[in-house]
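Chemist: Test case, fold it:
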Amino acid sequence: MSDKFEFIDVEHAANTTNTESALSIVRMCALMEVSRSGFYEWRERPASATAERRENLKLYITKSFDDSDGTYGYRRVHADLADWGVPCGPELVRSLLRELGLESCQPKPWRFSLTENDGQEHHIPDLVQRDFTAGAPGQKMVGDITYIPTWEGWVYLATVIDCYTKAVVGWAMDDNYKTPLIEQAIEMAARNHSLTDQAIFHSDRGSNYTSSQFAKALKELRLRQSVGRTGISLLTG
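Modeler: Numbering: from 1, shown residues only. Okay, the predicted model is just below:
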């Protein structure tokens with residue numbers, strides 16, 4: 001009988017913040033075929049075996065939570081208890097975590113920026129001004145670099161997109177994102193697609209895109225260079 005009372009108690013505690021789907025204690029007692037008065041009598045017992053068990057479980061739960069530096073949620077804590085041979089259900093673990101005031105703090109996924117400013121002043125105009133439309137193909141392009149995780153490490157992808165067709169007209173991949181990578185991407189665009197004379201190539205102010213080496217490559221391709229603000233996506237200026 002106490003197992004049924006414990007189940008009702010745990011479900012009631014777990015559903016206190018979910019009023020739409022929560023069942024009342026009266027309804028749960030009816031479904032479990034136990035008396036409501038018996039449930040309240042069980043819950044009010046000052047030193048019942050169930051109460052002692054809950055207090056013991058709190059010790060295990062606190063240890064698991066502290067060992068994880070506060071990053072474990074109820075599922076991982078429950079897995080720890082299972083590994084330790086401590087029988088209990090995941091909902092009971094969640095309820096006791098709530099009673100203890102323990103809330104997991106998940107670390108944010110690590111990401112790094114490929115937009116590195118070299119700290120120098122570059123007098124390169126913004127010829128796009130957030131207008132990423134074009135009247136015809138080959139008139140205006142944007143470029144950016146992204147990274148892709150693989151089994152062998154990071155792969156860096158430089159792309160060139162035509163603002164009129166929205167198609168990738170040039171690209172290059174390598175295990176680094178140095179200036180030759182973006183040179184290869186823009187050279188592929190110029191080689192395989194018809195670019196108008198003095199077409200615009202727009203990017204952010206990353207050190208690779210603002211380098212003199214890349215400026216020389218654009219000049220040789222008769223392209224006008226345009227840059228937006230540091231760290232802004234290629235399609236948001």
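Chemist: What is the subsequent helix or strand relative to the longest helix along the chain?
Modeler: What stands out as the longest helix in the chain, according to DSSP state H, is helix 49-67. Using DSSP states H and E, the helix or strand that directly follows helix 49-67 along the chain is helix 74-83.
Chemist: Packing partners of that next one?
Modeler: helix 49-67, helix 90-100 (3 or more C-beta pairs under 8 Å, 6 or more residues apart in numbering; DSSP states H and E). Placement of C-beta: from N, CA and C, glycine included.
Chemist: Asp204: which of those is closest?
Modeler: helix 49-67 (42.0 Å; C-beta to C-beta).
Chemist: Could I get the CA-only coordinates of the closest one as PDB?
Modeler: Provided in PDB are the C-alpha atoms of helix 49-67 (Å, rounded to 0.1, in the frame of the first residue of the first chain):
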ATOM      1  CA  ALA A  49       9.800   4.200   6.700                       C
ATOM      2  CA  THR A  50       9.000   6.100   3.500                       C
ATOM      3  CA  ALA A  51      10.000   9.400   5.000                       C
ATOM      4  CA  GLU A  52      13.300   7.900   6.200                       C
ATOM      5  CA  ARG A  53      13.900   6.400   2.700                       C
ATOM      6  CA  ARG A  54      13.300   9.800   1.100                       C
ATOM      7  CA  GLU A  55      15.900  11.300   3.400                       C
ATOM      8  CA  ASN A  56      18.400   8.600   2.600                       C
ATOM      9  CA  LEU A  57      17.800   9.100  -1.100                       C
ATOM     10  CA  LYS A  58      18.500  12.800  -0.700                       C
ATOM     11  CA  LEU A  59      22.000  12.000   0.500                       C
ATOM     12  CA  TYR A  60      22.700   9.900  -2.700                       C
ATOM     13  CA  ILE A  61      21.100  12.500  -4.900                       C
ATOM     14  CA  THR A  62      23.100  15.300  -3.400                       C
ATOM     15  CA  LYS A  63      26.300  13.300  -3.800                       C
ATOM     16  CA  SER A  64      25.600  12.600  -7.500                       C
ATOM     17  CA  PHE A  65      24.700  16.300  -8.100                       C
ATOM     18  CA  ASP A  66      27.800  17.600  -6.400                       C
ATOM     19  CA  ASP A  67      30.100  15.100  -8.100                       C
END
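Chemist: Name the residues of that helix that come out as buried.
Modeler: Across helix 49-67, burial judged by 16 or more other C-beta atoms under 10 Å covers Arg54, Leu57, Tyr60, Ile61, Ser64, Phe65.
Chemist: List of residues touching the longest helix of the chain?
Modeler: 2, 5-6, 42, 45, 72, 76-77, 80-81, 84, 86, 88, 92-93, 96-97, 99-100, 102, 104 (C-beta atoms under 8 Å, 6 or more residues apart in numbering).
Chemist: Also stretch 123-140?
Modeler: Counting by C-beta under 8 Å, 6+ apart, residues outside stretch 123-140 touching it are 142, 162-165, 193-196, 199-200, 202, 205, 210, 215, 224-228, 235-237.
Chemist: Cross those residues against helices and list the overlap.
Modeler: Those of the contacts of stretch 123-140 lying in helices (DSSP H): Ala215.
Chemist: Give me the buried entries from the contacts of stretch 123-140.
Modeler: For those, buried by 16+ other C-beta under 10 Å: 142, 162-164, 193, 195, 199-200, 202, 205, 210, 224-228, 237.
Chemist: Thanks a lot, see you next time.
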